[in-house]
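Visitor: can you look at this prediction? I've put the sequence above it.
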Amino acid sequence: MQNPAVRRVMTATAAAVGTLALTVTGAAADTSPSLDYVALGDSYSAGSGVLPVDPTNLLCLRSTANYPHVIAARTGARLDDVTCGAAQTKHFAQSQYPGVAPQTDALGADTDLVTLTIGGNDNGTFINAITACGTAGVLSGGKGSPCADKHGSSFDDQIEANTYPALKEALRSVRAKAPNARVAALGYPWIMPATADPSCFWKLPIAAGDVPYLRGIQEHLNQAVRRAAEETGVTYVDFSRVSEGHDACQAAGTRWIEPLLFGQSLVPVHPNALGERRMAEHTMDVLGLD
């Protein structure tokens, strides 16, 4: 029969070994490789207007609180953020500013995750449409649909003829340069409400009949992003449902997008800090990132 004292020593030793094994296993899990994450895209990706500003490249007006930084912080990913305000699809393959490399130069075979929001600056779609409709809205006193009457399908025609094929080309280049990565193309959260809100005219001076017109242009752009993503094997992150009721006409603390006038951001008609966080959270939900 084994000596009781010896048995106690053996039992204690086994427990210690078990504890050590659990500790080593836990340490191994904690030091598992993190994702190599590259963020591409325009000012909606860069978080232009959201403080604090990334001082490493002031030309790009990039925020360190943009949705790529939120995703990286919550997943532990190693982030290479090359997003840049005013970027177009062409800036994936060519320099946007002197000293600023083409965005896809940041990609490689070791890239695990890529996110991007792009397309809104192609053909000046966002800025031209909002400027044209805002001017027309002021001149009409908010009545009628002067912007739609003047411009008709011109913005939609440009999206279909130019932006959509450019999006496909840009996404193909991302897939080619990061063949092992999971790639997510984000749509744009709603800027306009579904119907005109008279109380919003002083924030967004858009005539009542042009509110659905502008929203339709944004919907067309998002559908172009969706189609390009589906046709290139990229995950599309749809904000049409989750951003409903968080447009630029809503109160501070509810809206994700700042209005053209009397907003709280240096860059109007762009996501605020709340919007960037919600874009990050929805993207992580779609991709299954915890």
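Guide: Ah, there it is.

Visitor: run through the strands of the stretch 51-200 of the chain in chain order.
Guide: Counting by DSSP state E, counting those that start in this stretch, the stretch 51-200 of the chain has strands at residues 78-81, 113-117, 182-186.

Visitor: for those, which one sits closest to Leu35?
Guide: Ranking these by proximity to Leu35 (CB to CB) places strand 113-117 first, at 5.0 Å. From N, CA and C alone the C-beta is placed, and that goes for glycine too.

Visitor: which neighbouring elements make contact with that closest one?
Guide: When contacts are defined as 3 or more CB pairs under 8 Å, 6 or more residues apart in numbering; DSSP states H and E, strand 113-117 packs onto strand 36-41, helix 43-46, helix 67-75, strand 182-186.

Visitor: tell me, what residue is most central in the protein?
Guide: Ser45 (4.3 Å; CA atoms, centre = their mean).

Visitor: for it, which non-adjacent residue is closest in space?
Guide: Nearest non-adjacent residue to Ser45, counting by CB to CB, 6 or more residues apart in numbering: Thr83, 4.0 Å away.

Visitor: picking up where we left off before, which one of the strands of the stretch 51-200 of the chain is the most hemmed in?
Guide: The highest average neighbour count among those, using mean count of other CB atoms under 10 Å, belongs to strand 113-117 at a mean of 27.

Visitor: quick one, phi/psi of Gly49?
Guide: Gly49 adopts backbone torsions of phi 100, psi -10, taken as degrees, to the nearest 10.

Visitor: do the same with the one 5 residues further on
Guide: Here the main-chain torsion angles of Asp54 (degrees, to the nearest 10) amount to phi -70, psi 110.

Visitor: can you pull the poorly scored residue ranges out of this structure?
Guide: Residues of the chain that meet the criterion pLDDT under 70 lie in 1-33.

Visitor: how about a cut-off of 50?
Guide: Residue ranges of the chain with pLDDT under 50: 1-31.

Visitor: quick revisit: which among the strands of the stretch 51-200 of the chain is found nearest to Phe201?
Guide: Evaluated with CB to CB, these place strand 113-117 nearest to Phe201, the distance being 27.8 Å.

Visitor: next, the angle from that closest one to helix 67-75.
Guide: Going by axes from the mean of the first three to the mean of the last three CA atoms, to 10 degrees, strand 113-117 is angled at 150 degrees with respect to helix 67-75.

Visitor: relative to strand 182-186, how tilted is strand 113-117?
Guide: Going by the same axes, to 10 degrees, strand 113-117 makes 20 degrees with strand 182-186.

Visitor: got the contact list for strand 113-117?
Guide: Outside of strand 113-117, the residues within contact range by CB atoms under 8 Å, 6 or more residues apart in numbering are 35-42, 44-45, 67-68, 71, 77, 107, 174, 178, 181-188, 283, 287.
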